[in-house]
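return atomic coordinates for the entry below.
(chains A and B)
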Amino acid sequence: MSSHAQTGHAVVVEPSGFIRKYIFSIDHKVIGIQYFLLALTAVCVGIVLSLLMRFHLVYPGAHLPFVSGGIMTPEQYMALVTMHGTIMVFFVLTTAPQGGFGNYFLPIQIGAPDMAFPRLNMLSFWVTFLAFVAILAAFVVPGGAPISGWTGYTPLSGMGEVTGPGEGMGQTLWIVSISLFCLASLLGALNFIATTIDLRAPGMTLFRMPLTVWGWFVTAILGLLAFGVLLAGGVLLLLDRSAGTSFFLPAGMVVNDQLQPHSGGSPLLWQHLFWFFGHPEVYIAILPGMGVASHVLSTFSRKPVYGYRAMAMAICAIGFLGFMVWGHHMFLSGMSPYSGFAFSVLTMSIGVPSAIKTFNWIGTLWGGKIQFKSPMLFALGFVSLFVSGGLSGLFLAQPAVDNMLHGGYYVVAHFHLVMGVAAIFGIFAATYFWFPKMFGRMMSEPLGKLHFWFTFAGAYCIFMPMHFVGLAGGIRRYADATGTNYGAALQPAHMFMTYAAFITGAAQLVFLFNFFWSLKHGPVAGKNPWNATTLEWITDSPPPIDNFGGHYPSVYRGPYEFSVPGYRQDFIPQNLTPDQAALLK
Amino acid sequence: MPSSTVTDEIELVGTGKGGGGSSFGDDGNSGGGGDEWKGPSGSGRVPQRAYVTGMTIALGGVLMFFMALVSAYIVRKDMPNSAWVPFNIPRILWLNTAILIASSFTLARSRSRFLADDDAGFRHWWGVTTILGIFFLIGQVIAWRQLAAAGVFLATNPASSFFYVFTAAHGLHLIGGVLALLYVAFRPTHRLTKGTATEVVSMYWHFMDGLWVFLFLLLLLGR
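Numbering: from 1, shown residues only, chains lettered A, B, ... in the order given. Take a look at the predicted model:
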């Protein structure tokens, strides 16, 4: 490849019109905020749905003004389950950490002016937005929202209206929404990977990238390999529903006394396609949170990340193993015990890189000058929830144990702690940590701490009893188990969880208030309010349109040079030259 | 849109960045000292290499999509009571396949003419490739019509379902390829240079060609 002398200056002009600047912007920072706000809207919807479910579980006979017929039917409850799962997994846990913070900070942290393909980036967001509109539309179409769960299991999801309300137009919209989401995520993943490979600043070697970048980078690779598979499944499922094919639908099914015209398809095939995507999806949700946790723990312990390389490699290992364990979602499907054994061993082997990460997080904290700021609290909460939620995964990884627990609340408790709440804590840590950079103002520390303690205690109050409900035989997806002896016996625990859920939900209002109030009234943040080392902290808050005002940094050191012996300042930014750093001795 | 004042033919400076540059921190910076440096692209622009990287990654994603369909095909075919009824693949597919393979050769020829600064030769062979691509697509439609005339539709049985899904998914991707060929032929390129554009489109086209040959063999031998 020929090389020319590079003399051109960066001429990046901020667009002046409102629409170009804030709506159809190609600036990765604006797009990141758009993703964040989309996720914020989605999480509010998702929380309301979950509160409705918690309410219904303890007051199944209550009259609700907004439910047609007054009392919630089991189908309506299933619609809540489906929509809660879909909205939370796709539009919150996938969208906020990667689309939101990844978009905003990956280019800045590697010293780039923008993503590699800004227009593609804009397209990714707007297709995601369309997908969100489609999934919300499922609430209001005739029949309402689908009832087949966030996994869209066939044959229920494949046959149309005959199988229940919501399985008509609602389910079709679900498939369309998810397919659009896949498309958008593929484009996004492409952009993230190309940006990380080709747009790093001089000196920003792979092992000088912040662990957040590692998290987003590996997440993007997972997305690239996983979303295409779900897209293929979505296409086939749509054809089964609308074109009369039989990819997933077996012969001889009689639904509501009607013989269905399908032949020889395999519902299991859908499960394989779905979970080949679905398991990596779990890591798509959690890996960015791991990156953020490492980053924040290091910054607020004033210590380098303990075992940085091991941390980066553990992220890669988790991503790699994540593609080989999808079968553990299907132990109940009648798979061969040999397959089950293989999936089981591979699943438990993920405990190794997970343990490395946890060990190193503790190693990072060990002997540090810990500052308990809001982002730090949430990062510590992330580690706690990841460990408590992850340990039960080792039990569930064993087919014999899983057979008993899989249909019950134990699994619900497990995945909510480890990928749901933990990932949300990662998002909160990121929000409190980067808010000053994104908006130029600090969030309120007292409100942040209040938010943390209520959310942290609340999460454990909701999901710890849920494990025991599951062990006691509580079955998930049942709208009302109060009529059974064992179900009635579990009601007090459900009652406790519901109260905890409502209190925790209310605590999120503190966060919302803090967020929007601080936008206008928070104390002005300087360039580097946390005395952090990575490149986003050397530029203005918020950063200029080209991120560095034309002065692009070069990188001379690793990302976590805190408390280096012999230096007066306890942090050394990545862009300081050895000469400049020597002045700090 | 970050507007750019730079000429079209800026190529990436291959040195000075990338994974191997571990010497930067210790020995100083070969790309000029800290604040002097003007961004990863040298000009606020995306390095041309990123387009090649991007296409490589995109093809990875496309490959996963098709491999998901292929594994579904293999699993579905061997289901007990699969109701699988093999049918004779329209013979025009042989011709279509030959056309598509030929188009890869003409495209390679076009690209080598381009690299040899022979613009007329480049445009000639580029045009031939485009026409062959369109012929292939027309041929695929003819194959569909022949099947339909024989009473083999999308929902007739799983074998035909997969046939239509594969050909349609590949056809859609190839339409994208033809549009890309036309775009490069008729539009001046701004952000990516013509050299990169032809390279990236060639990667895509050859990939789609190879993918078709694979799918054709699968449909032919894996009935």
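
if I look at A:Tyr283, how far off is A:Met419?
8 Å (C-beta to C-beta, to the nearest Å). The C-beta positions use only the backbone N, C-alpha and C, and glycine is treated the same way.

next one: A:Gly367
For A:Gly367 relative to A:Met419 (C-beta to C-beta), the value is 31 Å.

which of those two has more neighbours?
A:Met419 (25 against 11; other C-beta atoms under 10 Å in any protein chain shown).

how about the more buried one, what does it touch?
Contact partners of A:Met419, counting by C-beta atoms under 8 Å, 6 or more residues apart in numbering or on different chains, are A:93, A:282, A:285-286, A:389.

contact partners of stretch A:325-334?
The list of residues contacting stretch A:325-334 from outside it, by C-beta under 8 Å, 6+ apart, reads A:268, A:271-272, A:275-276, A:278-280, A:335, A:339-340, A:342-344, A:346-347, A:350, A:396-397, A:399, A:402-403, A:406-407.

now that stretch: buried residues?
A:325-331 (16 or more other C-beta atoms under 10 Å in any protein chain shown).

what would those residues look like in a markdown table with pLDDT?
A markdown table is the format used below for the buried residues of stretch A:325-334 (pLDDT from 0 to 100):
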| residue | pLDDT |
| --- | --- |
| A:Val325 | 96 |
| A:Trp326 | 95 |
| A:Gly327 | 95 |
| A:His328 | 95 |
| A:His329 | 95 |
| A:Met330 | 95 |
| A:Phe331 | 94 |
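
which of the contacts of stretch A:325-334 come close to chain B?
A:272, A:276 (C-beta under 8 Å from any C-beta of the partner chain).

narrow the contacts of stretch A:325-334 to those in helices?
Among those, DSSP state H puts A:268, A:271-272, A:275-276, A:278-280, A:339-340, A:342-344, A:346-347, A:396, A:399, A:402-403 in helices.

buried ones among those?
Neighbour-count burial (16+ other C-beta under 10 Å) applied to the ones in helices among the contacts of stretch A:325-334 gives A:268, A:271-272, A:275-276, A:278-280, A:340, A:343-344, A:346-347, A:396, A:399, A:402.

state the pair within these that is farthest apart.
A:Pro280 and A:Pro399 (20.9 Å; C-beta to C-beta).

show me the strands in chain A, by range?
A:254-255, A:258-259 (DSSP state E).

the last one: how far from the chain's middle?
The reference is to strand A:258-259. In terms of C-alpha atoms, centre = their mean, to the nearest Å, the centre of strand A:258-259 is found 41 Å from the chain centre.

now the first one
Computed by C-alpha atoms, centre = their mean, the chain-centroid distance of strand A:254-255 equals 37 Å.

phi, psi for the closest residue to chain B within the stretch 251-400 of chain A please.
When distances are taken as C-beta to the nearest C-beta, the stretch 251-400 of chain A reaches nearest to chain B at A:Gly264, 3.6 Å away. When read as degrees, to the nearest 10, the backbone of A:Gly264 gives phi 70, psi 10.

now it: how far from B:Ser161?
According to C-beta to C-beta, A:Gly264 stands 11 Å off from B:Ser161.

overlap of the contact sets of the two?
Contacts common to A:Gly264 and B:Ser161, judged by C-beta under 8 Å, 6+ apart, are A:Ser246.

neighbour-wise, which of these two wins?
Applying other C-beta under 10 Å to A:Gly264 and B:Ser161 shows that B:Ser161 carries more neighbours, namely 24 against 19.

and the more buried one, what pLDDT?
On pLDDT, B:Ser161 comes in at 95.

what's the spacing between it and A:Thr163?
From B:Ser161 to A:Thr163 the distance is 21 Å (C-beta to C-beta).
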